[in-house]
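Student: The following comprises the amino acid sequence and a computationally predicted model.
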Amino acid sequence: MSAALSLDAVGVSYHGPRGKHVALHDFSLELPAGHIGCLLGPSGCGKTTVLRAIAGFEPVSSGSIQLGDHLLSSPVVHVAPEKRRVGMMFQEYALFPHLDVASNVGFGLRRQSAAVRRARVSELLALVGLPEAGPRYPHELSGGQQQRVALARALAPAPDLMLLDEPFSNLDGATRERLTLQVRDILRAAGQTAVLVTHHEVEAHAMADHIGVMHNGRLTRWSDAVQA
């Protein structure tokens, strides 16, 4: 079951050779359960740092991150990434080349019985429009098909939240446009709460319910998206 996401005055700081660097300043947003949010801005503005903090890869120096009723991060609380029930989808599909599609999708379900795993894999491959792809291998798929398999794998454990970090950047323009709409529809069909990071404004408006504009580690605007 997806959960609402809340970031309240989150700060993230690094200590480097030149001293303290503040990557996120007083960052706050509320994303309702089942909605898709997008963080939009140029490279280096802090978008990926937000995702890493939500996923638990970066500790917060101030503020808090909450998912549903669960406090994930604060200056005194840090839930380990593997215990956050957060799925991630990256620019690189990171599919295992030696495993077929069904095994890739079911990789995070190894503790489930074989019957439960098969049923979940079948359900997800149908959801992403690849119901017959189970026996195939990643190298036999197009880039768009690999991306949908990566999405199915991330959805398999039924995370409370999905994070997508520039997931379409490696695709050509036509494939990117088509897959943006397909992934949006898949996430909505699954009732999945999700946060997307991109620097493409058209992509943000096509996919998201809410868009946040970022600049120099700050959220300058958080508003409802206007979709065609």
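Tutor: The structure has been received and is ready for your questions. Numbering: from 1, shown residues only.
Student: From the contact counts, what lies against the lowest-mean-pLDDT helix or strand in the chain?
Tutor: Taking mean pLDDT, DSSP states H and E as the measure, the chain has helix 173-189 as its least confident helix or strand, at a mean of 85. If you count contacts as 3 or more Cβ pairs under 8 Å, 6 or more residues apart in numbering; DSSP states H and E, helix 173-189 packs onto strand 36-40, helix 143-155, helix 201-207. All C-beta atoms are positioned from the backbone trio N, CA, C, and that covers glycine.
Student: how far does the next helix or strand after it sit from the chain's center?
Tutor: Remark: after helix 173-189, the chain's next helix or strand is strand 194-198, criterion DSSP states H and E. The chain centroid and the centroid of strand 194-198 are separated by 6 Å, computed with Cα atoms, centre = their mean, to the nearest Å.
Student: mind listing what strand 194-198 pairs with, with the direction of each?
Tutor: In the sheet, strand 194-198 lines up against strand 36-40 (parallel), strand 161-165 (parallel) (DSSP bridges).
Student: Could you give me the buried positions within that strand?
Tutor: Buried residues in strand 194-198, counted by 16 or more other Cβ atoms under 10 Å: 194-198.
Student: Next one: residue 210 from residue 138, what distance?
Tutor: 33 Å (Cβ to Cβ, to the nearest Å).
Student: any chance you could map the helices in this protein?
Tutor: 47-55, 101-105, 114-127, 143-155, 173-189, 201-207 (DSSP state H).
Student: what is the mean pLDDT for stretch 39-46?
Tutor: Mean pLDDT, stretch 39-46: 91.
Student: a markdown table for the helices and strands packed on helix 173-189, including distance to residue 214?
Tutor: Shown next, in a markdown table, are the helices and strands packed on helix 173-189 (distance: least, Cβ to Cβ, whole Å):
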| stretch | distance to residue 214 |
| --- | --- |
| strand 36-40 | 6 |
| helix 143-155 | 23 |
| helix 201-207 | 11 |
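Student: Turn the ones you listed into TSV, including mean neighbour count and distance to residue 123.
Tutor: Below are those laid out as TSV (neighbours: other Cβ atoms under 10 Å; distance: least, Cβ to Cβ, whole Å):
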stretch	mean neighbour count	distance to residue 123
strand 36-40	24	21
helix 143-155	23	9
helix 201-207	19	23
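Student: can you tell which of the ones you listed is closest to residue 89?
Tutor: Among the helices and strands packed on helix 173-189, the nearest to residue 89 by Cβ to Cβ is helix 143-155 (4.9 Å).
Student: from the chain's centre, how far out does the closest one sit?
Tutor: 12 Å.
Student: Run through who's touching that helix.
Tutor: Helix 143-155 is touched from outside by 87-90, 93-95, 101, 104-105, 107-108, 121, 124-125, 127-130, 133, 138, 141, 162, 167-168, 170-171, 175, 178-179, 182-183, 186, 190, 192, with contacts defined as Cβ atoms under 8 Å, 6 or more residues apart in numbering.
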